[in-house]
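>>> Make a model of this:
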Amino acid sequence: MRRLITLLVAAGAALLGQKYTFFESDHFELLTDGSKGRAQEILGQFERVRAFFVKTRGFQDPPMKPRVVVFSTEKEFREYAHSAIAAAYYIGLPQRDYIAIGPSASAEDKRVAVHEYVHMLNRYGDTELPIWMNEGIAELYSNIEAVGKKIRVGTPIPQHVYTVNQQWLPLEDVVDADTKSGLYNRRQHAGPFYGIAWALVHMLTLDPRYSAKFNELYNEIGAGSSSKDAMEKVYGKALRQIEDDARAYMKGLTINVVMFDVQFDKVDKVTPRPAAAYDWIVDMAALKQGNRDFDGALQRLEAMVKSEPARPEAHEAMAFVHMMDHSEKSTAAYRAARKTGSRNPNLGYWAPSMLRDHQASIEVLRETIAAHPNFVEARLRLAAILMGAREPQAAYDELKQLKRVNRKQALEYFPSYIRAAWALKKIEESRAAASQFVKTARTERDKDQAKELFAFAMEDPPADEEKLAARAALPEAATRFEADTTELTLPPDSDLELVRQNGELSVRPKALTFVEGMMTNLECDQPQPIANVKTKEGKVVRLIIDDPGSVHLVNAKTGTGDLVCGEQSNNVKLGYYPKDGTATKTTGTIRRFEYLP
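Modelled structure (predicted):
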């Protein structure tokens, strides 16, 4: 019997008839295709945890409510998950924060919600954390619980205690791991990695021998030191000694906890309302975008734009995808989003990257700030553009509205403020800010910039107003605000590649290799289909379909179609990425499947 393998060509075709539900609370939004009761409890947990962190850490909410997407089927969740082992994950996108939760997490929804929310908090912090610390902190808080009128943090997590006592991994390998590391991504290592990260953070934050210097460690890592160097410097011990302490700490009879004198807020029940396939598909496109599958995202969004052109969400999402892909199409998509009513504050924040027009960007940013006066990053961006446009008084006025900035925001604040005050001949104010920048800069790069600005502030401003304005204006590069791709890392088997041109880093699809000939057989007795193509020279090329959803099917007659398993004689042209498949005797993975006349 022949089997049919349906390739996704029109986004949303398989979703017709599916029911979706939308929830909104004071600080979150949730979309699900599954149980309303589960969604309600997850949303309540997010609200409780957010209130705890606002009380204990003073966290300020992002301008757009984070969107939580809860899947009911493992198959669909895996299509969008960023790794094979994740039961849930967080992605911070330019348009908003997303947290995706799969069905396999249902037994621990409360812990999962806290874990992913802490990842979001870490993103908005002032330090880029190494993987072990990011995951360790998320796990430390994941099982916070109410005890009377207090909240307890640090309760031992049984599976971690068991795992680290049975499968310890070398600490040097754990603290050196990054997003591409097998310790972090392989199923057989995932448990020990998370367990050891939790155990290490638990000891460093709650054991009296280490806890007093944890903030110092945090700052040392923020200054650019490796985890190993930072720990050895701060604690005055070799990493091996710290590892021995951590293992002994986990084997001890008691593990420290901390009690916070606060309570969880009561969460009012949130009434659900129906959502449409349109809403689900737009969010699925965002998850594709988060995995750098820009083509997959755009296919879904283009279909939604055609189906409901008057709704702004798909236009808005397309603008962000094109911006990340450095495409000039972002301008048209931005204008379409605004025309159809989008008021996403992040769209306003990124307007300079989409419009490429200073004056238009200034107007949009002012409108955004008027609607969201606590949007610090938008005010910093506006001030920088005003300085580039030689409007120091306007920039100065914007910056004086800020009462506090964190260390990450300070990297944008000080260059504009020092130059604006200097241009207005507030010399002592400019020099005081420059001195403060020198004192607070942490990385070598930031220190170099601070020294340059200090030297600038020490100059006497010229009497000629035109020369003064020109000298104070921020360089063009500082006000261009391209989408940030400087910290991107892609897995070795990614369909994308990082390319640096004219000093700028961008992401683009890898070039395909093509083979043309007669497809003699489509094998379907393997976990993944294999196409056999016989070239004009008589050579047989075997190529695998590792992800049907990533294959672009071109049919000269219909534009869509199915692939029929078994023997056949179709003329085809296949585009693929070369990849050695020893076990399957294949030489690449198919991404374009074109039937020829």
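>>> make it CA atoms for all contacts and neighbour counts henceforth
Will do.
>>> hey, where'd the strands end up in the stretch 151-300 of the chain?
258-260, 273-275 (DSSP state E, counting those that start in this stretch).
>>> what does the last one contact?
Right, the one you point to is strand 273-275. 19-23, 31 (Cα atoms under 8 Å, 6 or more residues apart in numbering).
>>> Could you do stretch 532-552 as well?
Counting by Cα under 8 Å, 6+ apart, 5-9, 296, 515-523, 528-531, 576, 585-593 sit against stretch 532-552.
>>> how about the CA coordinates for it, as CSV?
Provided in CSV are the C-alpha atoms of stretch 532-552 (Å, rounded to 0.1, in the frame of the first residue of the first chain):
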residue,chain,number,x,y,z
ASN,A,532,16.4,8.3,-5.3
VAL,A,533,17.3,10.4,-8.3
LYS,A,534,19.1,9.1,-11.3
THR,A,535,21.1,11.7,-13.2
LYS,A,536,21.7,11.9,-16.9
GLU,A,537,25.1,10.4,-16.3
GLY,A,538,23.6,7.4,-14.7
LYS,A,539,24.6,8.2,-11.1
VAL,A,540,22.0,7.6,-8.3
VAL,A,541,21.8,10.3,-5.7
ARG,A,542,20.0,9.5,-2.4
LEU,A,543,18.5,12.5,-0.5
ILE,A,544,16.5,12.5,2.7
ILE,A,545,13.4,14.5,3.7
ASP,A,546,14.3,15.2,7.4
ASP,A,547,11.5,17.8,7.9
PRO,A,548,8.5,17.8,5.5
GLY,A,549,7.4,21.2,6.7
SER,A,550,10.7,22.7,5.5
VAL,A,551,10.4,21.4,1.9
HIS,A,552,9.2,23.9,-0.7
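>>> Going by neighbour count, which residues of it are buried?
For stretch 532-552, a neighbour-count test (16 or more other Cα atoms under 10 Å) marks 532-535, 540-546, 548, 550-552 as buried.
>>> from those, which single one is nearest residue 471?
residue 550 (50.8 Å; Cα to Cα).
>>> Give the rounded mean pLDDT of the particular helix or strand that has residue 452 in it.
For residue 452, the host element (DSSP states H and E) is helix 444-457. Throughout helix 444-457, pLDDT has a mean value of 89.
>>> Give the other helices and strands that that helix contacts.
helix 407-423, helix 427-440 (3 or more Cα pairs under 8 Å, 6 or more residues apart in numbering; DSSP states H and E).
>>> Next, the angle from it to helix 407-423.
10 degrees (axes from the mean of the first three to the mean of the last three Cα atoms, to 10 degrees).
>>> Give me the helices and strands touching the helix or strand following helix 444-457, please.
Once the chain leaves helix 444-457, the next helix or strand it forms, by DSSP H and E, is helix 465-472. Here helix 465-472 touches helix 407-423, going by 3+ Cα pairs under 8 Å, 6+ apart.
>>> dump the residue contacts of residue 194.
Residue 194 neighbours (Cα under 8 Å, 6+ apart): 132, 135-136, 139, 160.
>>> Then residue 250?
161, 164-165, 199.
>>> again, only this time at 7 Å
Counting by Cα atoms under 7 Å, 6 or more residues apart in numbering, residue 250 touches 161, 199.
>>> returning to that earlier point: how big is the angle separating the helix holding residue 452 from helix 465-472?
Using the same axes, to 10 degrees: helix 444-457 against helix 465-472 is 160 degrees.
>>> CA atoms of helix 444-457 as CSV?
Taking C-alpha atoms only, helix 444-457 is exported to CSV below (Å, rounded to 0.1, in the frame of the first residue of the first chain):
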residue,chain,number,x,y,z
GLU,A,444,37.0,46.1,28.3
ARG,A,445,34.9,47.4,25.3
ASP,A,446,32.7,49.5,27.6
LYS,A,447,35.8,50.8,29.4
ASP,A,448,37.3,51.9,26.1
GLN,A,449,34.1,53.7,25.1
ALA,A,450,33.9,55.4,28.6
LYS,A,451,37.5,56.6,28.3
GLU,A,452,36.8,58.1,24.8
LEU,A,453,33.7,59.9,26.1
PHE,A,454,35.6,61.2,29.1
ALA,A,455,38.3,62.6,26.8
PHE,A,456,35.5,64.2,24.7
ALA,A,457,33.9,65.8,27.8
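>>> Would you mark the buried spots in that helix?
Quick answer for helix 444-457 (16+ other Cα under 10 Å): 446-447, 449-451, 453-454, 456-457.
>>> re earlier: JSON lines please, covering the contacts of strand 273-275 and showing neighbour count, secondary structure and pLDDT.
Output for those, formatted as JSON lines (neighbours: other Cα atoms under 10 Å; DSSP: H, G, I helix; E, B strand; the rest coil; pLDDT from 0 to 100):
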{"residue": "19", "neighbour count": "14", "secondary structure": "coil", "pLDDT": "90"}
{"residue": "20", "neighbour count": "19", "secondary structure": "strand", "pLDDT": "95"}
{"residue": "21", "neighbour count": "19", "secondary structure": "strand", "pLDDT": "96"}
{"residue": "22", "neighbour count": "20", "secondary structure": "strand", "pLDDT": "96"}
{"residue": "23", "neighbour count": "21", "secondary structure": "strand", "pLDDT": "95"}
{"residue": "31", "neighbour count": "25", "secondary structure": "strand", "pLDDT": "97"}
